[in-house]
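>>> kindly generate the corresponding structure for this input.
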Amino acid sequence: MTAPNPEGLLDRVREACAEVARRARSVKIDDGALEQLAALLSRERPKPPAVDPTHLAFSDAPTTLAYVLTMNAINFGSGWFPHLRKDPGKSGYLTLSAALRRHFEKNGPWLPAHLERLTRADCCEVFKQPTDGPAGELMGLYAEALNEFGSYLNRHHQGRFAGPVEEAAGSAEALVAILARMSFYQDVSHYEGIEVPFYKRAQITAADLHEAFGGKGHGRFRDLDRLTLFADNLVPHTLRMLKVLSYDMRLVMPIDREELLDHGSEPEIEIRAVSLTAVELLSASCRRRGWQADPHRLDHLLWSRGQSPKIKATPRHRTRCTFY
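All right, here's what the predicted structure looks like:
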């Protein structure tokens, strides 16, 4: 697998998404609504609630590191989430991350050699999911992703979870490039002849390490402000509900019918790319107002707001892929 060049990697993400935003036909940014949101956030300067289990440290650093990296190796599947068995009142992601945390608390981390051997049945047992149907299909993909992750650690980092972080040497951008050596992290689409990289899960891994370690040790990155929005399906939906994004009715109708959008289709790429560009503009507007709200901080805030029942009452786009 070919690793992307870390030099200017996240600039390429921004530039490609900005070009998609300029060409987009199905998704547009409402500049007035964006400025209103920036003004509101800059006045309130809110802090998102602590709802993400990956941001909570274990009692020892090695377990914390293993948990954050392992969870992000399978931090995808939103297109399958409606079919999962969920904990009461929890989303698909929060159900799965809590289940993995309980497993680690009871049994300790999976070692890389064990990750290489995990099966669909193992994942079904840990995450309390059926073995068949869409949920079973997702558990099979989780097993494949964890197999690849364990193999990667064994082949390239002597079976050490700390290996990729140490190789990154304090650079979040370098960590993104390192993780993108694995196929399950190679989050790149193509739109009208241009390559559009997102690297959602590789980027969020750096941000989650920063949160879990309080910006110290394995969570210390000198260039965290380089991270972009972690383009998924919930933050774009939150931006739409806040009127920052508007969707063409030809896109709204299949979303409202809860039909799956094809991964790599023009509308799906536009949703992700335009939302990423919108958050870049939102961050710049907040900075002009005196509030240093980097895109990764705004992502956390908007994702947390997207957990509200009011926002989730309206269907959001669903896509089945291994990137979000």
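>>> tell me which stretches of the stretch 201-324 of the chain form helices.
Secondary structure of the stretch 201-324 of the chain by DSSP state H, counting those that start in this stretch: the helices cover 234-241, 249-256, 266-288, 295-305, 309-312.
>>> and the third one, what does it pack onto?
Which is helix 266-288. Here helix 266-288 touches helix 9-23, strand 27-29, helix 31-44, strand 188-191, helix 234-241, strand 245-247, helix 295-305, going by 3 or more CB pairs under 8 Å, 6 or more residues apart in numbering; DSSP states H and E. (Glycine included, C-beta is placed from N, CA and C.)
>>> give me the residues contacting the fourth one.
Strand 188-191 has contacts (CB atoms under 8 Å, 6 or more residues apart in numbering) with 20, 23, 195-199, 263-264, 266, 268-270, 272-273.
>>> for the third one, same thing?
Contact with helix 31-44 is made by 242-244, 278, 281-282, 285-286, 289-291, 293, 298, 301, as judged by CB under 8 Å, 6+ apart.
>>> just the buried ones from those?
242, 244, 278, 281, 282, 285, 286, 291, 293, 298, 301 (16 or more other CB atoms under 10 Å).
>>> now stretch 30-44: buried residues?
30, 33, 34, 35, 37, 38, 41, 42.
>>> also stretch 169-188?
Buried residues in stretch 169-188 (16+ other CB under 10 Å): 171-182, 184-188.
>>> so which of the residues you listed sit within helices?
172, 173, 174, 175, 176, 177, 178, 179 (DSSP state H).
>>> dump those into CSV; add distance to residue 117 and pLDDT as well.
Shown next, in CSV, are these (distance: CB to CB, whole Å; pLDDT from 0 to 100):
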residue, distance to residue 117, pLDDT
172, 31, 98
173, 32, 98
174, 30, 98
175, 26, 98
176, 28, 98
177, 28, 98
178, 24, 98
179, 21, 98
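>>> which one of those sits closest to residue 214?
residue 172 (15.4 Å; CB to CB).
>>> just to revisit the earlier point, quick one, which of the helices and strands packed on helix 266-288 is nearest to residue 148?
Using CB to CB, the nearest of these to residue 148 is strand 188-191, at 16.8 Å.
>>> need the next SSE after the closest one, C-terminal direction.
strand 194-197 (DSSP states H and E).
>>> buried sites along that following strand?
For strand 194-197, the neighbour count (16+ other CB under 10 Å) marks 196, 197 as buried.
>>> given that strand, what are its sheet partners and their directions?
Sheet pairing of strand 194-197 (DSSP bridges) gives strand 188-191 (antiparallel).
>>> quick revisit: which of the helices and strands packed on helix 266-288 is buried the deepest?
Greatest average neighbour count among the helices and strands packed on helix 266-288 goes to helix 234-241 (a mean of 24), per mean count of other CB atoms under 10 Å.
>>> okay, the angle between that one and helix 266-288?
80 degrees (axes from the mean of the first three to the mean of the last three CA atoms, to 10 degrees).
>>> ok, residues contacting helix 234-241?
Under the contact criterion CB under 8 Å, 6+ apart, helix 234-241 has outside partners 78, 229, 245-247, 271-272, 274-275, 278-279, 299, 302-303, 305-306, 310-311, 314, 316-317.
>>> ditto for stretch 205-221
By CB under 8 Å, 6+ apart, stretch 205-221 touches 52, 54-57, 61, 64-65, 67-69, 71-72, 162, 165, 168, 170-172, 175-176, 179, 224, 227, 230, 296, 299-300.
>>> in that stretch, which residues are buried?
205, 206, 207, 208, 209, 210, 211, 212, 213, 218, 219, 221.
>>> and which of the residues you listed is nearest residue 95?
residue 208 (17.3 Å).
>>> and that closest one, how far from residue 239?
21 Å (CB to CB, to the nearest Å).
>>> now do residue 152
Taking CB to CB, one finds residue 152 at 34 Å from residue 239.
>>> kindly report the same for residue 133.
Following CB to CB, the distance that separates residue 133 from residue 239 is 32 Å.
>>> so which of the helices and strands packed on helix 266-288 comes closest to residue 104?
It is, among those and with distance given as CB to CB, helix 295-305, at 22.4 Å.
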